[in-house]
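# no sequence on this one, just coordinates:
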């Protein structure tokens, strides 16, 4: 007879331990106090590794202006992942009909109108126009520290691929030299940080999940130019490890799009390092087990647990 | 074919200096073509020449100059005639 525990997935285990909480939708989960405490420890560690740079802390809600989202070009590359906020904007008669449709199990969402808000797909998207509004960058450029819930519509039972997840980012804006130096430095620091957590990892050139056949070409372009590196850790699968940190050089894409300029009036270049908050927590739970009390004392100390 | 390619580039890709000043071997990316510009160019070429670039051709180098694009189109047209 097959032991029931043998068929249990990592996600089942996380639910059973109460670390993640089911909501009825794949990729949309609650988090326990312990899960959050591990995350707090990780965030403090990231802050420690980045402290010397004195980044400016900015926090946005997990949503952004639709007008900025449209300008960003996100729909050119990732239409399949975007989430828009729609609302009821009708009159009392429309309301009656809305309630009737719900009552009858019909498609009550058909009459919803797009609001001025879109869910944030990556923590840094709302930042660029805000930074551009301040005028030319100072000679030393700028560095920001961001953390936001992000949304990507990709329902999955892989706990490392959630629809709502948090992304911590450091975003550098400046000359090509300034931003590529920043990225190179974080490629080193990111490996040291994950090494301190004792997690086995690899670093590789990567591409974003661009949509469709034309997306294949964008992906090849991105890899050819080595614009994106990922630090990968095995979570759901050994063969296909999960990207837990990413190191991205956007060249002048956001600078051009949002009119961000350097102190010399040139189009600014940007780069960012992103930390998958939930992914690192899950990598720790996968590697050291879901019984956090049994984690090595030194690791618990590093994370303040 | 070369002049047709030039005409399609002029129509679909935003180049600050235009296409007229470029020789066939000029680097289109250096002339200001973005990654997304190269995708738009690819789609426009497929439509104009009634072809589909196979996956092996979907790379940065192929769309980097008028010469390499023309060579690829000739190869694809040749295949079509041969078949």
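Perfect, I can see it now. What you are looking at is a predicted structure, and each value in this text was computed from that prediction instead of being measured.

# from here on, contacts and neighbour counts on C-alpha atoms
Noted.

# touching the helix or strand of chain B with the lowest mean pLDDT from outside, list them.
Among the helical and strand segments of chain B, the one scoring lowest on mean pLDDT, DSSP states H and E is helix B:66-82, with a mean of 84. For helix B:66-82, the external contacting residues (CA atoms under 8 Å, 6 or more residues apart in numbering or on different chains) are B:1-2, B:5-6, B:23-26, B:28, B:51, B:53, B:61-63.

# skip ahead from the host helix or strand of residue A:184 and say which helix or strand is next.
Per DSSP states H and E, residue A:184 falls inside helix A:176-196. Past helix A:176-196, further along toward the C-terminus, the next helix or strand under DSSP H and E is strand A:202-205.

# identify the residue nearest residue A:115 in space, chain neighbours excluded?
Sequence neighbours aside, residue A:86 is the residue nearest to residue A:115 in space, at 5.2 Å (criterion: CA to CA, 6 or more residues apart in numbering or on different chains).

# what mean pLDDT does whichever helix or strand the one you found is part of get?
Per DSSP H and E, residue A:86 falls inside strand A:84-87. Averaging the model's pLDDT scores along strand A:84-87 yields 97.

# mind listing the strands that strand pairs with, and their directions?
strand A:113-119 (antiparallel) (DSSP bridges).

# list the buried ones in the strand it pairs with?
Taking 16 or more other CA atoms under 10 Å in any protein chain shown as the neighbour-count basis, strand A:113-119 is seen to contain the buried residues A:117, A:118, A:119.

# centre of the chain to that strand, how far?
20 Å (CA atoms, centre = their mean, to the nearest Å).

# try stretch A:114-131
Going by CA atoms, centre = their mean, the spacing between the C-alpha centre of stretch A:114-131 and its chain's C-alpha centre is 13 Å.

# would you say residue A:64 is within a strand?
Yes - the assignment for residue A:64 (DSSP: H, G, I helix; E, B strand; the rest coil) places it in a strand.

# for chain B, what are the nearby residues on the stretch 151-300 of chain A?
A:214, A:216, A:217, A:218, A:220, A:221, A:224 (CA under 8 Å from any CA of the partner chain).

# out of the residues you listed, grab the one that's most surrounded.
residue A:218 (25 neighbours; other CA atoms under 10 Å in any protein chain shown).

# name the residues of the least confident helix or strand of chain B that come out as buried.
Burial within helix B:66-82, assessed by neighbour count using 16+ other CA under 10 Å, is assigned to B:66, B:67, B:69, B:70, B:72, B:73, B:76.

# ok, of the residues you listed, which one's closest to chain A?
Within the buried residues of helix B:66-82, the smallest distance to chain A is 14.5 Å, found for residue B:69 (CA to the nearest CA).

# contact partners for residue A:33?
Under the criterion of CA under 8 Å, 6+ apart, the neighbours of residue A:33 are residue A:19.

# how close does the nearest residue to residue A:218 once chain neighbours are set aside get to residue A:260?
For residue A:218, ignoring the flanking residues on the chain, the nearest one in space by CA to CA, 6+ apart is residue B:35 at 6.3 Å. Computed as CA to CA, to the nearest Å, the residue B:35 to residue A:260 distance reads 19 Å.

# ok, which stretches of the stretch 51-200 of chain A are strands?
Listed in chain order, the strands of the stretch 51-200 of chain A (DSSP state E, counting those that start in this stretch) span residues A:56-58, A:63-65, A:84-87, A:113-119, A:142-151, A:164-174.

# what's the most buried one of the ones you listed?
Ranked by average neighbour count under the criterion mean count of other CA atoms under 10 Å in any protein chain shown, the strands of the stretch 51-200 of chain A are headed by strand A:164-174 at a mean of 24.

# contact partners for the closest residue to chain B within the stretch 51-200 of chain A?
When you check the stretch 51-200 of chain A against chain B by CA to the nearest CA, the closest residue turns out to be residue A:76, at 8.2 Å. For residue A:76, the set of contacting residues under the criterion of CA under 8 Å, 6+ apart is empty.

# surely residue A:39 meets residue A:281?
Yes - counting by CA atoms under 8 Å, a contact exists between residue A:39 and residue A:281, whose distance comes to 6.1 Å.

# the nearest residue to residue A:71 once chain neighbours are set aside: which element?
Here the nearest residue to residue A:71 in space, its sequence neighbours aside, is residue A:257; by CA to CA, 6+ apart that works out to 7.1 Å. Using DSSP H and E, residue A:257 maps to helix A:253-258.

# quick one: average confidence on the helix or strand just after that helix?
Proceeding C-terminally, helix A:253-258 gives way to strand A:269-276 as the next helix or strand, assigned by DSSP H and E. Average pLDDT, strand A:269-276: 98.

# compute the inter-axis angle for the helix or strand just after strand A:269-276 and strand A:164-174.
Once the chain leaves strand A:269-276, the next helix or strand it forms, by DSSP H and E, is helix A:277-288. Note on geometry: by axes from the mean of the first three to the mean of the last three CA atoms, to 10 degrees, helix A:277-288 and strand A:164-174 are set 110 degrees apart in direction.

# what's next to the helix or strand following helix A:277-288, contact-wise?
Per DSSP H and E, the first helix or strand lying C-terminal to helix A:277-288 is helix A:297-302. By CA under 8 Å, 6+ apart, the list of residues contacting helix A:297-302 from outside reads A:41, A:45, A:197.
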